[in-house]
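**Q** Sequence and predicted model, in that order:
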Amino acid sequence: MTNPLPTGATIGILGGGQLGRMLSVAAARLGLRTHVFEPGSTPPAADVAHAVTTAPYDDVAALTAFANAVDLVTYEFENIPTEALDVIEAITPIHPNRRALGTSQDRLVEKEFLQSIGLTVAPFADVTDAANLDAAIASVGTPAILKTRRFGYDGKGQARLKSPDDAASALADMAGAPAVLEGFIDFSIEISIIAARNPQGEVACYDPGENVHRDGILHTTTVPAKIPASLRTDAVLLAAKILNTLDYVGVMGVELFVTPRGLIVNEIAPRVHNSGHWTQNGCAVDQFEQHIRAIAGWPLGDGSRHSDVVMENLIGDDVNRVPALARETNCAIHLYGKEETKAGRKMGHINRILS
Ligand code: AMP
């Protein structure tokens with residue numbers, strides 16, 4: 001893509017959750033339309049998108065019509081079936097590209113890629129059965145975490161091993177899925193950096209945020225993260241290296257562990273990221289607009305932060321706090337319009353502006 005997408009063009013989005021919703025709002029602000037493809041009924045993005053296709057990812061006719069109706073396609077989650085992407089890509093470009101998606105879909109491929117470009121990851125080993133789990137434990141040691149290679153999110157598909165005695169039960173938790181054993185990192189804090197790259201090769205990063213999880217789900221992101229300037233620079237440099245190597249176009253979230261030996265990359269997400277929601281109220285150009293700008297071939301916003309912010313997810317019944325939160329000053333509320341409240345379900349988030 002060499003020419004910027006003109007006003008009135010349509011961006012296809014695979015997935016109609018809250019990320020697709022916030023991408024659609026950002027696109028509309030830039031005079032662009034979105035067309036959401038989502039198997040589920042009444043997805044959050046449907047309230048704000050120009051068009052919605054409700055069909056499963058194996059419906060070739062629906063995918064073909066969708067791809068023909070848009071100028072390019074992006075996605076809000078990484079577990080999209082390869083066959084669906086093949087159908088779409090024969091008709092219209094997909095950003096971020098297939099290599100980025102393939103790399104992040106598989107924890108083993110992801111770790112090997114990150115290591116190949118000189119970045120530090122947790123010690124790891126491929127696990128397919130009980131025999132090589134024993135070998136993996138011998139090389140990685142314990143404590144360790146066994147993770148499914150594919151389809152894990154919010155800490156799902158993971159089992160912790162305190163000692164080699166936990167091997168059998170951890171393997172049973174994988175239910176036969178290929179897995180990777182990771183050495184347990186004794187980190188001081190978790191941070192993430194949200195980075196963007198456009199087709200011209202411009203890269204812009206946001207300030208790293210400090211993440212706190214509860215029950216495996218992101219609870220808060222605080223900016224600025226309490227890290228020295230040198231680590232902030234390291235985070236920017238490693239993110240730029242990942243994006244440039246992948247010839248990436250769009251926004252990426254890079255999750256990092258802070259350790260006395262420096263930054264260790266936990267995982268990459270080839271999309272806008274929950275830990276980047278603070279940018280909506282902390283920056284002139286937020287991660288959603290930045291992603292749209294990048295894939296549309298527009299100049300990137302610079303990513304600088306004008307305020308300190310704490311983002312807090314509203315999970316399940318937390319959403320009942322909204323009337324009280326609405327009375328607070330400097331508290332921006334972002335709700336996803338989900339009809340049903342469920343335990344563990346992300347219903348919205350708030351950005352508290354600190355200064
Ligand atoms: P993940 O799904 O890989 O992002 O893991 C979810 C959470 O588990 C992370 O945010 C960390 O808090 C923790 N975790 C994952 N991998 C490791 C590891 N190798 N060492 C220590 N903690 C980890």
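**A** Sure, I can see it.
**Q** who in this structure is up against the ligand?
**A** With C-beta under 6 Å from any ligand atom as the criterion, the chain meets the ligand at residues 122, 145, 152, 155, 182, 184-185, 190, 213, 216, 255, 266-267. In short, each C-beta sits where N, CA and C put it, glycine included.
**Q** longest helix in the chain, by residue count?
**A** Secondary structure of the chain per DSSP state H: the longest helix is helix 229-245.
**Q** And it, what's buried?
**A** Of the residues in helix 229-245, 231-232, 234-236, 238-240, 242-243 count as buried by neighbour count, 16 or more other C-beta atoms under 10 Å.
**Q** Quick check: buried residues in the helix or strand following that helix?
**A** Moving toward the C-terminus from helix 229-245, the first helix or strand encountered (DSSP states H and E) is strand 250-259. In terms of neighbour count (16+ other C-beta under 10 Å), strand 250-259 has its buried residues at 250-258.
**Q** now, which of the residues you listed sits nearest A168?
**A** Closest approach to A168 among the buried residues of strand 250-259 (C-beta to C-beta): F257, at 27.7 Å.
**Q** Do I have it right that the closest one meets G183?
**A** No - the criterion here is C-beta atoms under 8 Å, and F257 misses it with G183 at 11.2 Å.
**Q** Need the overlap of contacts for the two.
**A** By the contact definition C-beta atoms under 8 Å, 6 or more residues apart in numbering, F257 and G183 are jointly contacted by A122.
**Q** Now do the strands in the stretch 101-250 of the chain.
**A** With DSSP state E, counting those that start in this stretch applied, the stretch 101-250 of the chain shows strands at 124-127, 144-148, 158-161, 179-183, 189-197, 203-205, 209-214, 217-223, 250-259, listed in chain order.
**Q** how about the CA coordinates for the fifth one, as PDB?
**A** Coordinates of the C-alpha atoms in strand 189-197 are reproduced here as PDB (Å, rounded to 0.1, in the frame of the first residue of the first chain):
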ATOM      1  CA  ILE A 189       7.100  -5.800  38.000                       C
ATOM      2  CA  GLU A 190       5.400  -6.500  34.700                       C
ATOM      3  CA  ILE A 191       5.300  -3.700  32.100                       C
ATOM      4  CA  SER A 192       4.100  -3.500  28.500                       C
ATOM      5  CA  ILE A 193       5.000  -1.200  25.600                       C
ATOM      6  CA  ILE A 194       2.500  -0.300  22.900                       C
ATOM      7  CA  ALA A 195       4.300   0.400  19.600                       C
ATOM      8  CA  ALA A 196       3.200   1.300  16.100                       C
ATOM      9  CA  ARG A 197       4.700   1.100  12.600                       C
END
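**Q** now the angle from that strand to strand 217-223?
**A** If you take axes from the mean of the first three to the mean of the last three C-alpha atoms, to 10 degrees, strand 189-197 sits at 70 degrees to strand 217-223.
**Q** Buried ones in strand 189-197, by neighbour count?
**A** 190-197.
**Q** Kindly check the end-to-end length of stretch 288-303 for me.
**A** 12 Å (C-alpha to C-alpha, to the nearest Å).
**Q** Give the rounded mean pLDDT of it.
**A** Averaged across stretch 288-303, pLDDT comes to 97.
**Q** L32 reaches P4, doesn't it?
**A** No - the pair L32 and P4 does not pass the contact test of C-beta under 8 Å, sitting 10.5 Å apart.
**Q** Any stretches of the stretch 1-150 of the chain with poor pLDDT?
**A** Where the stretch 1-150 of the chain drops to pLDDT under 70, the residues are 1-2.
**Q** Which residues are in contact with whichever residue of it sits closest to the ligand?
**A** Going by C-beta to the nearest ligand atom, the ligand is nearest to A122 of the stretch 1-150 of the chain, at 4.0 Å. Neighbouring residues of A122 by C-beta under 8 Å, 6+ apart: 111, 182-185, 257, 264, 266.
**Q** State the number of residues packed around K342.
**A** Applying other C-beta atoms under 10 Å, we find 11 residues neighbouring K342.
**Q** on that earlier part again, how about TSV for the buried residues of strand 189-197, with pLDDT added?
**A** Listed next are those as TSV, based on pLDDT from 0 to 100:
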residue	pLDDT
E190	98
I191	98
S192	98
I193	98
I194	98
A195	98
A196	98
R197	98
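**Q** Relative to the ligand, which of those residues is nearest.
**A** For the buried residues of strand 189-197, the nearest to the ligand is E190 (5.5 Å; C-beta to the nearest ligand atom).
**Q** That's all I had, so thanks and see you.
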